[in-house]
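Asks: this is the structure alone, sequence omitted:
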């Protein structure tokens, strides 16, 4: 199966299965390849996903990586930029120029990503929010980020500004 969009989603050690399921549904509907970086906080086999009622699993391309190092080996071979979404960034995702082939990475719902992931990022972005609020749900953040990346990369593909 070939991804429709030239953007990829990566989930770093996800720990809430419902959020992962929502992100996989987003990816299936939009044709976005999704990478799961283990260890996850729940079983991520196809069998476990199907048991959880993810009947659209055949419609999403999922790449599983045993750990961060395995993901980084894949990413180096793919020559893909790593765009990390974090509440610790200063730059808004709306100010970033996404490119075809970018990997949009979202961290653990409970703890984000470690420093080694931040250090590997080509860009660290945040979704601006009202002062005093902690964070968006990771599936909501992924939908917003993919939407903006899709808007920009489709404009690039069609030659628009």
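Replies: Now that the structure is in, tell me what you want to look at. Being a predicted model, the structure only gives us computed values, none of them experimental.

Asks: report the secondary structure state of the closest residue to residue 44 other than its chain neighbours.
Replies: In space, and not counting its chain neighbours, residue 44 is closest to residue 36: 5.5 Å by Cβ to Cβ, 6 or more residues apart in numbering. For every residue, glycine as well, the C-beta is placed using N, CA and C. What DSSP: H, G, I helix; E, B strand; the rest coil gives for residue 36 is strand.

Asks: helices and strands around the longest helix anywhere in the chain, which ones?
Replies: In the chain, assigned by DSSP state H, the helix with the most residues is helix 138-158. Applying 3 or more Cβ pairs under 8 Å, 6 or more residues apart in numbering; DSSP states H and E, we find helix 138-158 packed against helix 17-30, strand 82-85, strand 103-106.

Asks: who's in contact with the second one?
Replies: The set of residues external to strand 82-85 that reach it, using Cβ atoms under 8 Å, 6 or more residues apart in numbering, is 10, 75, 93, 96, 98, 102-107, 113, 117-118, 120-127, 141-142, 145.

Asks: for that strand, which strands pair with it and how are they oriented?
Replies: strand 103-106 (parallel), strand 123-126 (parallel) (DSSP bridges).
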